[in-house]
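# Any chance you could fold what I've pasted below:
(one chain, ligands or ions: 1)
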Amino acid sequence: DGSVLHRTVAAHDKLLGGLLADGFDERSCHSRYQSATYRRNAGREPSPHLVSKLRQHEALQRRCGPGTVAYSNAVESLRSGKSGGGVIGSPECRYLVSMSYRGLGNRMLATASAFLYAMLTDRVLLVDPSNEMDELFCEPFPDTTWVLPPGFPLTNYTDFSVRTAESYGNMLKNNVIKIDAGGVPTSTHQQLPVFAYVHLDHDYTVHDKYFFCDDDQRVLRDIQWLVMRTDCYIVPGLFLLTGFRDELDMLFPERVTVFHHLARYLFHPNNHIWGLITRYYDAYLATARQRVGIQVRVFGSRQELPKVLEQITACTHNENLLPDVITDDGEPFVAQEPHGRIKPKAVLVTSLSSWYYEKLKSMYWEHAASTGETVGVHQPSHEEYQHFGSGSHDAKACAEIYLLSLSDVLVTSGWSTFGYVAQGLAGLTPWVMYKPWNESSPVPDPPCRRDVSMEPCFLSPPYSDCRMKRSAHSGKVVPHVQNCEDVPWGLKLV
Ligand code: GDP
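Numbering: from 1, shown residues only. Predicted structure coming up:
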């Protein structure tokens with residue numbers, strides 16, 4: 001009767017083509033099954049191999065996860081410092097504890113990367129509570145938990161840093177672990193340690209970077225517990241390894257959809273955040289003819305940059321995403337025919353500042369669009385600056401990333417993981433606005449460019465190709481790993 005927003009999708013699509021496991025209690029996590037009904041863009045189909053690998057991985061998480069005998073045994077091995085599980089080097093279950101930090105976008109990219117690495121290496125993924133994944137998202141694995149339980153034996157693990165003696169890089173540097181010329185690991189001890197810390201942060205050393213090498217992956221495979229810290233999307237680095245290549249090709253025949261699938265598999269906003277998303281969507285976006293998402297990343301404190309506003313309007317106009325307005329006062333106003341009125345376009349602005357939104361909204365209210373269209377401009381929140389460790393702030397950030405991902409087209413700020421996550425969830429290749437260097441630099445020309453793929457950029461990648469000492473950049477190692485457009489030294493899948 002027109003009073004109900006109709007939303008139905010086939011069961012197959014509800015599970016995103018088999019990406020999601022069936023059998024969860026729907027009421028405990030509405031977003032898992034409802035999100036498909038909010039997307040006009042259905043997203044990409046997962047490969048059959050990815051679907052079966054996910055089911056296998058879920059079984060592994062259940063078999064070895066917290067609460068199982070295998071988990072207790074593994075924790076005991078870690079506590080006693082001795083590899084357990086019978087034959088040295090092949091313990092029953094192996095684990096990856098993922099730690100990350102910084103903003104939500106960074107943490108989501110890091111978690112998705114850790115998940116892919118865990119799948120590739122058959123490790124149980126456990127996320128550290130400091131990632132706050134459990135406060136924002138539903139449990140992704142059926143009948144188990146991905147949250148590292150209290151009582152983890154490495155009491156100081158949250159302080160692990162580039163200086164930690166047990167980091168893989170430091171163990172190589174200090175010859176605790178050696179790799180001989182033939183790529184064969186030897187250990188100064190009789191056996192490899194029961195755990196290693198993998199430091200993949202922006203300050204990581206040349207030794208830490210050997211993580212992205214095949215010889216080193218062979219060593220790491222035999223270490224039961226890995227504790228990994230990163231704030232990055234390390235996936236392009238995994239594509240540099242020959243050892244993972246065949247499996248990655250089978251999992252992701254459509255290479256640029258890696259994060260798209262990982263994110264839609266892992267990140268289901270909890271019911272509270274789903275409420276924020278759906279109430280906003282239904283009130284302001286649902287009936288629009290088209291939704292244009294514009295993410296304006298304000299780095300540092302509150303900024304009001306007229307040049308960035310100019311960049312937004314030039315970009316959306318040049319790329320035919322939004323109409324120009326008639327600013328000539330003499331131009332007669334032509335009202336739309338009452339019967340033939342077309343639905344408005346909706347612009348969703350997300351930013352820490354409300355200034356851009358206020359300006360855009362006034363522009364489309366005070367002036368007619370040259371095309372005769374109506375343009376509504378909306379912004380859910382303006383938090384002014386980035387807060388750390390605040391639940392309601394993170395919930396809003398999460399809701400806004402998700403709302404952006406429900407757009408039909410996306411304009412993002414380069415260099416921002418917040419935008420990377422939105423584009424990946426959406427399955428959209430955005431138009432990217434490059435960052436003006438400072439207030440006196442001119443508006444970039446062109447103001448924005450269509451990105452080369454929907455994949456996030458790995459912002460602090462390794463610089464050299466392992467012990468070969470070749471540059472790992474610009475397709476020199478593998479052609480589908482290229483430098484990013486927005487961050488020239490970054491790497492991304494194309
Ligand atoms: P990045 O710093 O742009 O790479 O993105 P992150 O998500 O890692 O960190 C930025 C953090 O600042 C977010 O997680 C939010 O906490 C906050 N933030 C930045 N932009 C916005 C925005 O448009 N809306 C909201 N609600 N928060 C934002």
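# Would you mind measuring from Asp25 to His57?
In this view, Asp25 and His57 are 21 Å apart by Cβ to Cβ, to the nearest Å. Where you see a C-beta, it was placed from the backbone N, CA and C, and this is true even at glycine.
# out of those two, which sits in the busier spot?
His57 (20 against 8; other Cβ atoms under 10 Å).
# Next up, phi/psi of that one, please.
phi -70, psi -40 (degrees, to the nearest 10).
# Let's verify the nearest residue to it once chain neighbours are set aside: helix, strand, or coil?
Among residues not flanking His57 along the chain, Met119 sits closest, at 5.2 Å (Cβ to Cβ, 6 or more residues apart in numbering). At Met119 the chain is in helix, as set by DSSP: H, G, I helix; E, B strand; the rest coil.
# Now do the same contact list for Met119.
Contacts for Met119 (Cβ atoms under 8 Å, 6 or more residues apart in numbering) come out as 53-54, 57, 251.
# Most proximal residue of the protein with respect to the ligand?
Gly103 (1.7 Å; Cβ to the nearest ligand atom).
# Assess the claim that that residue and Glu383 are in contact.
No: contact criterion Cβ atoms under 8 Å: Gly103 and Glu383 do not qualify, at 11.4 Å.
# Common neighbours of those two, please.
Ala397.
# Find me whatever residue is spatially closest to the residue most central in space within the chain, sequence neighbours aside.
Centroid check for the chain by Cα atoms, centre = their mean gives Leu109 as the closest residue, at 3.3 Å. Of all residues not flanking Leu109 in the chain, Tyr233 sits nearest, at 4.0 Å (Cβ to Cβ, 6+ apart).
# residues from this structure in reach of the ligand?
Within reach of the ligand by Cβ under 6 Å from any ligand atom, the chain has these residues: 102-106, 297, 350-352, 381, 383, 386, 393, 396-397, 400, 416-418.
# what sits against Leu16?
Leu16 sits next to 36, 43, 46, 264-265 when contact means Cβ under 8 Å, 6+ apart.
# State the distance from Thr374 to His207.
59 Å.
# Tell me where the stretch 201-350 of the chain is predicted with low confidence.
Along the stretch 201-350 of the chain, segments meeting pLDDT under 70 span 300-304, 329-340.
# could you redo the last one with a cut-off of 80?
For the stretch 201-350 of the chain, the stretches with pLDDT under 80 are 299-305, 328-341.
# Strands of that one, residue ranges please.
Assigned by DSSP state E, counting those that start in this stretch, the stretch 201-350 of the chain shows strands spanning 225-230, 290-296, 345-351.
# Partner strands of the last one, with direction?
The partner list of strand 345-351 in its sheet, established with DSSP bridges, is strand 290-296 (parallel), strand 375-378 (parallel).
# Can you point out the buried residues in the next helix or strand after the shortest one?
Put plainly, it is strand 375-378. Using DSSP states H and E, the next helix or strand after strand 375-378 towards the C-terminus is helix 391-405. Neighbour-count burial for helix 391-405, counted by 16 or more other Cβ atoms under 10 Å, picks out 393-405.
# Residues touching helix 391-405, excluding its own?
103-105, 108, 132, 135-136, 269, 272-273, 276-277, 280-281, 285, 293, 295, 348, 350, 380-381, 383, 387, 410, 418-419, 421-426, 428.
# And the next helix or strand past that helix?
Criterion used, DSSP H and E; the element after helix 391-405 is strand 409-413.
# Against which helices or strands is that following strand packed?
Secondary-structure packing of strand 409-413 (3 or more Cβ pairs under 8 Å, 6 or more residues apart in numbering; DSSP states H and E): strand 290-296, helix 306-318, helix 417-426, strand 431-433.
# Residue ranges of each domain in this protein, please.
38-266, 271-493 (automatic domain parsing).
# any chance of those in CSV, with distance to His30 too?
Below are those laid out as CSV (distance: least, Cβ to Cβ, whole Å):
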stretch, distance to His30
domain 38-266, 9
domain 271-493, 5
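# and of those, who's closest to Ser31?
Checking the domains of the chain against Ser31 by Cβ to Cβ gives domain 271-493 as the closest, at 4.2 Å.
# Relative to the whole chain's centre, how far out is the closest one?
16 Å (Cα atoms, centre = their mean, to the nearest Å).
# now the end-to-end length of that domain.
End-to-end span of domain 271-493 (Cα to Cα, to the nearest Å): 33 Å.
# Do you have the strands of the stretch 51-200 of the chain handy? List them.
Using DSSP E, counting those that start in this stretch, strands in the stretch 51-200 of the chain cover 95-99, 124-127, 177-179, 185-187, 195-200.
# Could I get the contacting residues of Leu428?
41, 405, 407, 409-410, 454.
# Tell me the one among those nearest to Asp203.
Out of the contacts of Leu428, the member with the shortest distance to Asp203 (by Cβ to Cβ) is Met454, at 28.7 Å.
# Touching, Val51 and Ala21? I think so.
No: with contact defined as Cβ under 8 Å, Val51 does not count as touching Ala21 (9.6 Å).
# So between those two, which is more surrounded?
Val51 (20 against 17).
# Any figure for the gap between the residue nearest to that one when sequence neighbours are not counted and Ser35?
Distances taken as Cβ to Cβ, 6+ apart place Gly18 nearest to Val51, at 4.2 Å, with adjacent residues excluded. As for Gly18, its distance to Ser35 is 15 Å (criterion: Cβ to Cβ).
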